[in-house]
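# I'd like to go over a predicted model; first the sequence, then the structure.
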Amino acid sequence: MFPSRTKPEIANIHASCVVSGNGGVLILGNSGQGKSDLALRLIDRGAKLVADDRCDIWYDRGRLWCRPPEELAGKLEVRGIGIIEKPWTAPVPLAIAVRLTDRYDRMPSVNQVEMVVGHPLPALLLSAFEASAPIKILLALDRLAPER
């Protein structure tokens, strides 16, 4: 399950993750801020579920990686419906962190990063409940494509 032979140190964090193309999208935010909802909308646009609510994160071969904790694999919380089962994939290399917030700059600074388990990851600040949030994430992934 690990990309290399040595077993790296794994951190379990409160986040959700999907993968689109070759890039994992780590969705970070407070409880009730829309992590699972945003993941569901990205899945509806073709992304695949990696993990919901809790993510196992580690650094290996110069990259951050993500997988679900075993007991949560394939499970996604859909408010108003409950826990549903979805196809999932893991491990995935992370390409971008999306930090959920209610307010963010109209024109953000270039090269924003989020520190994830002590390592920088390109970042995007968004409000999860904006209708355009999934599109903005996919556009940001396209911008990062040459760097992956």
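Yep, that arrived. Since this is a predicted model, take the numbers as computed values, not measurements.
# quick one, strands of this protein?
Secondary structure of the chain by DSSP state E: the strands cover 11-14, 16-20, 23-28, 48-51, 54-60, 63-67, 75-78, 82-85, 92-100, 113-116, 119-126.
# Partner strands of the longest one, with direction?
Sheet partners assigned to strand 92-100 using DSSP bridges are listed as strand 23-28 (parallel), strand 63-67 (antiparallel), strand 119-126 (parallel).
# Return the most buried member of those.
Neighbour counts averaged per stretch over the strands paired with strand 92-100 are highest for strand 23-28, at a mean of 26; criterion: mean count of other CB atoms under 10 Å. Quick note: C-beta positions are derived from backbone N, CA and C, even for glycine.
# Roughly how far does residue 13 sit from residue 55?
Residue 13 sits 5 Å away from residue 55, going by CB to CB, to the nearest Å.
# give the contact list for the closest residue to residue 125 other than its chain neighbours.
Counting by CB to CB, 6 or more residues apart in numbering, residue 104 is the residue found nearest to residue 125 once chain neighbours are left out, at 3.9 Å. For residue 104, the contacting residues are 125, 126, 127, by CB atoms under 8 Å, 6 or more residues apart in numbering.
# Now do the last one: how many residues are near it, please.
Neighbouring residues of residue 127 were enumerated by other CB atoms under 10 Å; the total is 17.
# And for the residue lying closest to it once chain neighbours are set aside, the neighbour number?
Residue nearest to residue 127 in three dimensions, not counting chain neighbours: residue 102, with 5.9 Å by CB to CB, 6+ apart. Neighbour count for residue 102, taken as other CB under 10 Å: 9.
# hang on, residue 102 packs against residue 126?
No. Judged on CB atoms under 8 Å, residue 102 makes no contact with residue 126 at a distance of 10.1 Å.
# Spatially central, which residue of the protein would that be?
Nearest to the mean C-alpha position of the chain, by CA atoms, centre = their mean, lies residue 26 at 1.8 Å.
# Look up which residues are beta-bridged to that one.
According to DSSP bridges, the residues that bridge with residue 26 are residue 17, residue 97.
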